[in-house]
Every structure is written in C-alpha cells, then in structure tokens.
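1. fold the following, please.
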Amino acid sequence: MDLDDALETFILESRELLEDMETALLAIEGADDKSEMVNAIFRAAHTIKGSAGLFSLDHVVAFTHVVESVLDKVRGGKIALADKLVVLLLACGDHIGSLVDSVAAGEHDGNAELKAHGEPLLALLRVYLDVPKAASGPAKAAGNLPTVGTGQVQRINGNTANADHWHISVRFSPDVLRNGMDPLSFIRYLNTMGQIIGIATVTDGLPNAEQMDPELCYLGFEMAFQTKAEKAAIESVFEFVRDDSRLVILPPHSRISEYISLISLQQGEAVRLGDMLVRCGTLTPQELDMALDAQSDEPSKPIGTILVEQGSVQPEVVEAALSKQKLVKEIGAAESKSIRVDADKLDQLINLVGELIIAGASVNLIAHRSKVIELTESTSKLATLVEEVRDSALQLRMVRIGATFSRFQRVVHDVSRDLGKDIALVIDGEDTELDKTVVEKIGDPLMHLVRNSMDHGIESAEVRAARGKPVQGTLKLNAYHDSGAIVITVEDDGGGLKKDKILTKAIERGLVDASHHLSDSEIYGLVFEPGFSTAEKVTNLSGRGVGLDVVKRNITALRGSVGISSEEGVGTRVTVRLPLTLAIIDGFLVGVDKAVYAIPLDMIEECVAYTAEPGHDYTNLRGQVLPFIRLRKLFSVPGKPTKGENIVVLKHAGQKAGLVVDTLLGEFQTVIKPLGQMFAQSKCISGSTILGSGDVALILDVPALVRQAMAKSGQVAQEHALVD
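-> Numbering: from 1, shown residues only. Predicted coordinates for the structure are as follows:
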C-alpha cells in the first residue's frame with residue numbers, strides 16, 4: 001500500500017468527519033433525539049483518533065483522546081451538552097482541523113505554536129473530566145458472601161434488563177465435588193474482581209433427604225455482581241467448570257447501551273452476527289461456540305434467536321447487531337457504486353469534451369457541404385452521441401449547494417454571539433445542484449452577504465422587542481433553478497434598508513447626480529458600489545466600505561448578477577443569479593451582417609419577425625410593450641440589413657426584452673471560451689466560442705442586455721411623461 005495515498009485519504013476523511021461533527025454540534029440544540037447526534041459526534045472523534053494512530057500521529061491522538069473522553073461522558077449521561085460545552089467542542093473541532101492541516105503540510109509531529117494553542121482547550125476539557133461521579137449502587141454488604149432473600153435476586157429468566165449490575169446464573173454439574181472443585185471457591189474469587197451485592201441459592205434440583213448423595217452437588221446460584229471487568233473476564237472465573245456446568249451472564253442495563261453503541265461504531269466489511277457480538281464484548285467465544293453447536297442441530301433457526309433463547313445476549317443487543325449488519329451491507333453496496341475522482345481529471349475531461357464538440361461541428365459543416373446523404377446521417381448521429389457525452393460529463397461536475405450552505409451554520413453560531421444577537425439560520429433548497437467550479441467560487445461572496453445581514457440587517461434583541469418583533473432574528477438561505485440558472489437568496493427579517501440615507505450618502509460621494517431620478521432597485525443597488533457604506537461605526541465585520549463591491553465583482557466574474565430588494569422595518573433580500581455551468585451550454589446563433597453571435601438558449605423566450613414604428617425602440621408583442629436593442633447599433637456594425645430583420649425575445653429575472661438581428665442561424669452546442677484581458681471590460685459580452693468553420697463567435701451577456709433595454713425603456717417613458 002502507498003502510505004502517501006493512505007495518508008491523503010486520512011486527511012480527506014478527517015476533514016469530512018470534522019464537517020459532520022460540526023454540523024451535528026450546531027444542530028443538536030434543536031434536535032428531538034439528541035442521543036443519536038451525540039453518538040455521531042463521538043464516532044467522528046473516535047474514528048479520527050484511531051486513524052491518526054495508524055500513522056503514529058501522536059499529537060493528534062493525544063488531543064482527540066481527551067475530546068473523546070468528554071464525549072464519552074456526555075454519551076453516558078454524566079455531562080449535559082449545554083451551550084458552553086458545544087462552543088468548546090466546536091473550538092476543539094477547529095483545533096483538530098488545524099492539526100490535520102499541519103499533517104497535510106508535512107508536519108507529522110505538529111509544531112510548538114499549535115501545541116500551545118491546544119493547551120487552553122485541554123485545560124477546559126479536563127474540567128469536565130474531573131466532575132465527581134454520582135454515588136451509585138447499594139452499600140457494600142458485610143462479609144464475603146452476602147446473602148439476601150431469593151425475592152431480591154431474580155432468576156436469570158426473569159425481568160432483569162433494568163438492573164444496574166451483572167446477573168450471574170450458574171448451575172454446577174452434579175459431579176463438581178467429585179472432580180475436586182469447591183463451588184464456593186468460585187464465588188469467593190468473584191469477590192476479588194468486584195462486589196457481590198446479592199446472592200440466592202437455587203434448590204430446585206435438591207432431592208428428598210433419603211435420595212441425596214453426599215458426593216453430588218444439587219445447588220445453583222443467582223448472583224447480583226458489580227464490577228468493572230468485562231464479560232470474558234467474569235466467564236474466565238468459571239473456566240475449570242465451564243464444560244460441565246450451565247453458566248449465563250447478563251450485563252447491567254448501562255452495559256447494554258454500551259454494547260449497542262460499540263456495535264454501531266464497528267467498522268469494516270459486513271461480518272457475521274456472532275462475530276459482531278463477540279467484538280463488542282456482549283458475547284464470549286465459548287458462548288458463541290455453544291450457540292453454533294445448537295444451530296448445527298437446527299440449521300433453520302437463526303443464530304440470534306438461539307443466543308436469546310440461551311440467555312447469552314439480550315434481544316435489544318441482537319436487534320442492534322442485525323441493524324448494523326444491514327447498514328454495513330447497504331453502505332458497502334453504495335460505496336461499490338461510487339469512486340473518488342480528482343477534480344483536475346474532471347476538468348481535463350470537460351476540456352476534451354469541449355474540443356470534441358468543436359471538432360464535431362466542423363465535421364458536420366463539411367458533411368452538409370458535401371451533400372452526401374450517408375455522411376450527413378452519420379454526422380447527425382455522432383452529434384447526438386457527443387451531446388449525450390457532454391451532458392454526462394457536465395453531470396459529473398454537478399454538486400449540491402447544501403455543503404456550502406452548511407458552512408454558514410457555524411458562521412451564524414459564532415458571529416451572532418460576537419454581536420450579542422440571537423439569530424437562527426434557516427436553509428432551503430440545499431439539494432439544488434450546480435457546477436463544482438461555481439460552488440467553489442460563490443462561497444466567499446455568500447460569506448460577505450451573510451455577515452453583512454447579521455451585522456447591519458438584523459437588529460439587537462432589545463430593538464426587536466421594542467418594535468414588536470420576535471427576539472430571535474431569522475436569516476434565510478435559499479437556492480432554486482430558474483430558466484437555466486441557479487438563484488440564491490439571502491434574506492433577513494431585520495430593519496431593512498433606508499432609501500433616503502443611501503441616496504444621500506451616494507450624492508455626497510458623487511456616485512449619482514442629485515437631479516437624476518432613480519428607481520427603488522437602482523437606489524438599493526448603490527450599496528454595491530466601491531467604497532459605499534452607511535455603517536455608523538467600524539467593526540471587525542463591516543463599516544470600512546469594502547465587501548459588497550467585491551461581492552458584485554466576483555459574481556459578475558461568474559457571468560452572474562446580483563440584485564437587492566428591501567422594505568424598511570420588514571427586512572432585506574439579496575438575490576444572486578448564476579449560470580449552472582461555466583463550461584458548455586446550448587446556444588442559439590444569430591447574425592448581423594457577417595458577424596455571428598451566440599445567445600444561451602435557455603434565456604430565449606421566442607423569435608418573431610421585426611415590427612415596430614419608425615424611430616421607436618419598442619414593439620407590440622401580443623398586446624404587451626417589448627423594449628428592444630438593435631444589435632447592429634449596439635456594436636456599431638456598418639451597413640444596413642438586406643433582408644427582413646428578426647427580434648429574439650430574451651428573458652431574465654422575470655423581465656423580457658428584444659434583440660433585433662439580421663438572421664437566425666439555429667441552435668449550436670456552445671463551448672465557452674473566456675475573453676482575453678483586453679476584452680474583459682467589454683459590455684454585453686460574456687465570452688466567446690469557436691464555430692465549426694473555425695470562426696470565433698461572441699457570446700452575448702443576456703442579463704446586461706435586458707437591463708440596458710429596460711433602463712432605456714424607462715428613460716424614454718420618463719421623457720415622454722415630462723413632455724406631457
């Protein structure tokens with residue numbers, strides 16, 4: 001095995017486990033069943049510690065062991081998982097993440113700075129470990145062999161599941177005395193391992209006095225035993241009489257829960273039921289052998305049923321083992337269907353598919369020119385297959401946005417405490433999928449928006465109470481698909497934006513002319529201008545005029561758009577629209593003179609023949625006014641159209657606008673190529689593509705075109721209103 005590959009797998013899996021651990025810690029407060037979440041957190045720490053031990057990462061093992069010990073007490077109900085402990089465990093998770101990062105950087109022994117950072121956390125953890133244990137169990141009985149009435153120690157087949165002690169039932173062989181064994185010596189030896197808190201002598205097998213044989217043993221014992229020893233150690237006490245005596249050992253109720261937890265922690269491939277029970281300690285190898293011998297006589301009877309009938313294992317433990325066995329099989333089946341692929345390899349595949357599409361378009365063009373029917377049919381079939389390959393390749397890069405959204409649970413948890421506010425995060429649409437590259441690049445802009453909403457948007461608890469709002473503020477993250485794009489909204493129920501204040505500040509900064517009329521959306525959009533801020537004081541979160549302009553720039557770089565709507569006293573919503581993928585799209589080609597342009601197909605509503613009054617930049621589309629832009633005029637293309645023009649009806653964010661072009665050239669699989677630095681500032685163009693002829697076609701920026709058409713339409717309407 002390649003140790004470097006194994007170590008890399010450990011690092012990746014540890015980071016995933018830490019994410020799961022953090023998610024569970026953040027969600028545990030509102031969970032109905034906290035026990036399963038506590039078990040999940042414990043399993044994460046336990047797995048990281050065990051895996052780190054395989055690579056001799058002692059500093060990781062040492063720190064994680066203390067965390068695991070505290071979690072074990074939480075799991076056992078000895079420590080309450082209060083908010084203070086949740087915050088500490090989150091900090092510990094961060095520190096473990098730093099330790100794993102140092103391993104990834106090649107520091108297998110850690111560094112002094114990291115160790116020093118971990119010491120205060122260890123000190124806080126040890127405070128929880130030093131909590132005195134509550135006194136439990138009855139007082140120690142006098143003498144080596146305390147005797148109580150038979151009613152106080154029930155028979156082994158009685159209802160003993162809730163007893164907080166080991167229950168030992170032993171029936172010695174009649175020949176035990178002849179074999180030189182003293183039954184009482186075994187009981188005395190038990191007292192060296194723990195405390196017998198109750199014992200009852202069973203006389204069911206005792207014959208009448210005249211039938212007694214003084215060399216035979218007719219007695220059995222039922223014992224209540226308290227010890228920290230494992231079941232196998234208790235069984236070993238009776239090793240010399242095990243073969244010819246009947247021995248059943250039932251654990252205390254607390255041990256049953258422990259066995260179930262240990263079963264849930266077992267890793268590896270699916271194993272036999274008996275082996276799982278032996279591993280967790282609820283069953284000894286000897287008991288398993290006895291059950292297997294019994295099963296050989298009744299092959300149709302399940303081993304679990306036999307173990308329960310023999311009294312070796314409680315039914316609930318067998319049920320837990322069966323559930324775990326089923327789960328392991330399901331996980332194994334799921335894992336066999338998936339593999340981990342390096343992202344660079346996926347990117348290379350997408351690039352190759354893109355080149356295949358370009359080459360296929362060239363072949364298709366040659367086939368049509370040759371007018372050979374067989375060749376045209378073959379290239380048509382090839383184009384269909386290439387399109388399917390394209391869709392499959394792009395699907396490989398599609399990931400759920402839920403992982404990005406989940407990161408903000410921790411952000412909201414920590415920042416709300418720093419601000420002294422009570423804020424809840426509500427997430428919706430986490431199953432929405434988009435390109436992995438888009439997901440990676442949208443994280444930082446969303447972080448700015450979330451922190452800005454918490455700092456500026458949501459008021460303090462006192463202010464909210466005075467305004468009649470719930471004391472707890474709500475921040476909502478939502479994602480959904482719309483017209484071939486993904487829409488992400490960040491919404492808060494805070495105080496909303498103050499239009500007058502924003503406009504005044506913008507005029508002071510010289511961002512707008514005081515005489516220029518702006519719509520509400522345009523006023524709100526000013527907060528995305530560089531250097532704009534209405535914060536009354538500078539904090540570590542905001543107020544320096546840096547942030548929202550970066551958000552807009554980063555989103556625009558992804559061929560996306562950002563808008564904002566607000567209602568004073570009610571709240572604010574920021575809407576981000578992004579393309580599903582940055583690589584390959586279905587396009588529609590249009591022509592103006594000899595130039596060819598591509599438009600994303602999913603942003604086209606329809607195509608209609610050009611009709612408009614002379615000098616007007618709008619037309620009547622089935623009773624509705626449709627503003628349009630002449631592409632020839634926009635890009636200063638010389639000449640006039642030789643034939644009738646067409647209008648391509650575009651749609652974006654619920655708005656429609658027309659684009660006047662000379663010719664409609666049809667659909668085309670568009671491989672997006674980024675523009676060079678020289679053309680980065682070009683308006684209304686988002687990229688380029690290569691046609692089958694080898695020519696370059698520009699990809700139009702539909703959101704920018706729609707905004708420009710709507711702005712021009714609004715300006716004309718305003719001028720007409722002034723004239724009237």
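2. which parts of the stretch 201-350 of the chain are strands?
-> 220-226, 246-250 (DSSP state E, counting those that start in this stretch).
3. what angle do the longest one and strand 246-250 make?
-> Here strand 220-226 runs at an angle of 30 degrees relative to strand 246-250 (axes from the mean of the first three to the mean of the last three Cα atoms, to 10 degrees).
4. CSV for the strands of the stretch 201-350 of the chain, including distance to Ile48, mean pLDDT and mean neighbour count?
-> Using the backbone N, CA and C atoms, a C-beta is placed for each residue, glycine as well. Shown next, in CSV, are these (distance: least, Cβ to Cβ, whole Å; pLDDT from 0 to 100; neighbours: other Cβ atoms under 10 Å):
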stretch, distance to Ile48, mean pLDDT, mean neighbour count
strand 220-226, 34, 85, 21
strand 246-250, 34, 82, 20
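5. distance of the residue located most distally from the centre of the chain from Ala612?
-> Taking Cα atoms, centre = their mean as the measure, the residue most remote from the mean C-alpha position of the chain is Glu210, 75.9 Å away. As defined by Cβ to Cβ, to the nearest Å, Glu210 lies at a distance of 124 Å from Ala612.
6. and the helix or strand that contains Gly53, what other elements does it pack with?
-> When secondary structure is defined by DSSP states H and E, Gly53 falls within helix 34-54. Where contact means 3 or more Cβ pairs under 8 Å, 6 or more residues apart in numbering; DSSP states H and E, helix 34-54 is packed against helix 3-27, helix 58-75, helix 83-104, helix 253-265.
7. report the buried residues of that helix.
-> Within helix 34-54, the residues that qualify as buried are 37-49, 51-52, counting by 16 or more other Cβ atoms under 10 Å.
8. quick one: the strands in the stretch 401-550 of the chain, in order.
-> Assigned strands in the stretch 401-550 of the chain, in chain order: 423-428, 433-435, 473-482, 485-492 (criterion: DSSP E, counting those that start in this stretch).
9. tell me the strands beside the second one, with direction?
-> Read that as strand 433-435. The strands that strand 433-435 pairs with in its sheet are strand 398-400 (antiparallel) (by DSSP bridges).
10. average pLDDT across the partner strand?
-> For strand 398-400, mean pLDDT rounds to 85.
11. what's in contact with that strand?
-> Where contact means Cβ atoms under 8 Å, 6 or more residues apart in numbering, the residues beyond strand 398-400 that reach it are 430-436, 439, 580-581.
12. and stretch 384-403, C-alpha only, in CSV?
-> Output in CSV follows, covering the C-alpha atoms of stretch 384-403 (Å, rounded to 0.1, in the frame of the first residue of the first chain):
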residue,chain,number,x,y,z
THR,A,384,-26.4,13.3,-30.8
LEU,A,385,-23.9,11.0,-29.1
VAL,A,386,-21.5,13.9,-28.5
GLU,A,387,-24.4,15.8,-26.9
GLU,A,388,-25.1,12.9,-24.6
VAL,A,389,-21.4,12.6,-23.7
ARG,A,390,-21.4,16.4,-22.9
ASP,A,391,-24.4,16.1,-20.6
SER,A,392,-22.9,13.1,-18.8
ALA,A,393,-19.5,14.9,-18.4
LEU,A,394,-21.1,18.0,-17.1
GLN,A,395,-23.3,16.0,-14.7
LEU,A,396,-20.1,14.6,-13.1
ARG,A,397,-19.2,18.1,-12.0
MET,A,398,-22.6,18.9,-10.6
VAL,A,399,-22.6,19.0,-6.8
ARG,A,400,-25.3,20.0,-4.3
ILE,A,401,-25.0,23.5,-2.8
GLY,A,402,-26.0,22.1,0.6
ALA,A,403,-22.4,21.6,1.6
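13. and it, what's buried?
-> 386, 389-390, 393-394, 397, 399-401.
14. same question for stretch 630-642.
-> So, applying 16+ other Cβ under 10 Å, buried residues of stretch 630-642: 630-632, 634-635, 637, 641.
15. all helices of the stretch 351-500 of the chain, in order?
-> Under the criterion DSSP state H, counting those that start in this stretch, the stretch 351-500 of the chain contains helices at 373-396, 402-419, 436-452, 461-466, 499-508.
16. any chance of those helices in TSV, with distance to His165 too?
-> As requested, the helices of the stretch 351-500 of the chain are exported to TSV (distance: least, Cβ to Cβ, whole Å):
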stretch	distance to His165
helix 373-396	57
helix 402-419	42
helix 436-452	53
helix 461-466	50
helix 499-508	71
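17. which one of those helices is the most hemmed in?
-> Burial among those, expressed as mean neighbours by mean count of other Cβ atoms under 10 Å, is greatest for helix 436-452, which shows a mean of 19.
18. how much does that one deviate in direction from strand 423-428?
-> 150 degrees.
19. relative to strand 473-482, how tilted is helix 436-452?
-> Relative orientation of helix 436-452 with respect to strand 473-482: 150 degrees, computed using the same axes, to 10 degrees.
20. contact partners of helix 436-452?
-> 343, 346, 397-399, 401, 403-404, 407-408, 411-412, 415, 475, 477, 486, 488, 490, 541-542, 547-548, 550-551, 554-555, 557-558, 574, 576, 578-583.
21. and the closest residue to Gly274 other than its chain neighbours, how far is that from Asp297?
-> The shortest distance from Gly274 to any non-neighbouring residue, by Cβ to Cβ, 6 or more residues apart in numbering, is to Leu288 (4.6 Å). Spatial separation of Leu288 from Asp297 under the definition Cβ to Cβ is 16 Å.
22. the more surrounded of the two?
-> Neighbours were counted for Leu288 and for Asp297 using other Cβ atoms under 10 Å; Leu288 has more, 20 against 8.
23. just checking, the more buried one touches Val278?
-> Yes - between Leu288 and Val278 there is a contact at 5.8 Å, judged by Cβ atoms under 8 Å.
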